[in-house]
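Q: Sharing a model that was predicted from the sequence below.
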Amino acid sequence: MFSRLGELQAWEDKCDRVYFGHEFCQRLIPSGESIRQAIDHCAEKGWQFSLITPFVTSAGIAVVQERIAALLEHAPDGLEIVVNDFGVLNWLHREHPSVTIALGRLLTKQKRGPRIMRIADRLPRNARAHFQRSNIDAAHLTAFLTEMGVQRIELDNILQGIQRDSGMQASLYYPYAYVSTTRLCLLMNGEHPNKNLRSIGTCHRECRRYDVTLTHADMPVPLKLHGNTQFFRNDKLPKDLAALNITRLVYEPHLP
């Protein structure tokens, strides 16, 4: 998975499909030219292409619609769009019902907080299972997503493990799992000496230059604050991916 064209073009290892775009900030939606170059690069390498889109405001959805409309004019074979906003999903279903859609990890509602691990060993089995499951696998929700054209769901590699009995095919992101995101970016204007951490200012894409490591006694792993989103790292994959209907691994060489 790549959010910058240069990172994608520098990638030399084997893969079957490339995820390109940004899940967490509409200010970082790639330009139309970057998307075209990414598609051309993937075509040269024989890689299939997935465009990742973020959660958006009314202004942001117009940008997403413009990018997708342009993309579909020259859609590569195997094109997939990952949506992290129900407004984008509704628009795609209404205007482009033949597009292959994956429901992004911002909408799959796993219990992601690492502090769960502080109590996991003391929980009854059913309670632990609750924290390992997601309501995304509920039968009525699966039926709704199918009706909307969704063909797979995207999951994080949460620390307490994953349980699934049924549901759609899933992708699993690793090694970084997201914890929480917001439109209030704490890194915005972070290089200014008088930065107010509760203010919203002008974005200079400081998140492209640095991130912040957060630690606390109640947190079993360090958190990475990257732009408007917190992540943790988990390199340990579930043992039986097939039993969880996880049919794709999405490797993140860098923080998204």
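A: Structure received.

Q: the helices in the stretch 51-200 of the chain, which residues?
A: For the stretch 51-200 of the chain, applying DSSP state H, counting those that start in this stretch gives helices covering 58-73, 86-95, 125-132, 139-147.

Q: got those as TSV, with mean neighbour count and mean pLDDT columns?
A: (Each C-beta comes from the backbone N, C-alpha and C, glycine too.) Listed next are those as TSV, based on neighbours: other Cβ atoms under 10 Å; pLDDT from 0 to 100:
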stretch	mean neighbour count	mean pLDDT
helix 58-73	15	94
helix 86-95	16	97
helix 125-132	13	93
helix 139-147	12	94
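
Q: And those: which comes nearest Cys42?
A: Each of those has some distance to Cys42 by Cβ to Cβ; the shortest is helix 58-73, at 12.5 Å.

Q: closest to Thr247 out of the helices of the stretch 51-200 of the chain?
A: Closest of the helices of the stretch 51-200 of the chain to Thr247 is helix 139-147, at 15.6 Å (criterion: Cβ to Cβ).

Q: The closest one to helix 86-95, inter-axis angle?
A: Computed by axes from the mean of the first three to the mean of the last three Cα atoms, to 10 degrees, the angle separating helix 139-147 from helix 86-95 equals 50 degrees.

Q: starting at the chain centroid, how far to helix 139-147?
A: The chain centroid and the centroid of helix 139-147 are separated by 20 Å under Cα atoms, centre = their mean, to the nearest Å.

Q: Output that helix as CSV, restricted to C-alpha atoms.
A: Taking only C-alpha atoms (Å, rounded to 0.1, in the frame of the first residue of the first chain), the coordinates of helix 139-147 have been written out as CSV:
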residue,chain,number,x,y,z
ALA,A,139,-25.8,-11.3,8.5
HIS,A,140,-28.0,-8.3,7.9
LEU,A,141,-25.0,-6.0,7.4
THR,A,142,-23.4,-8.4,5.0
ALA,A,143,-26.7,-8.5,3.0
PHE,A,144,-26.8,-4.7,2.9
LEU,A,145,-23.2,-4.5,1.7
THR,A,146,-23.8,-7.1,-0.9
GLU,A,147,-26.8,-5.1,-2.1
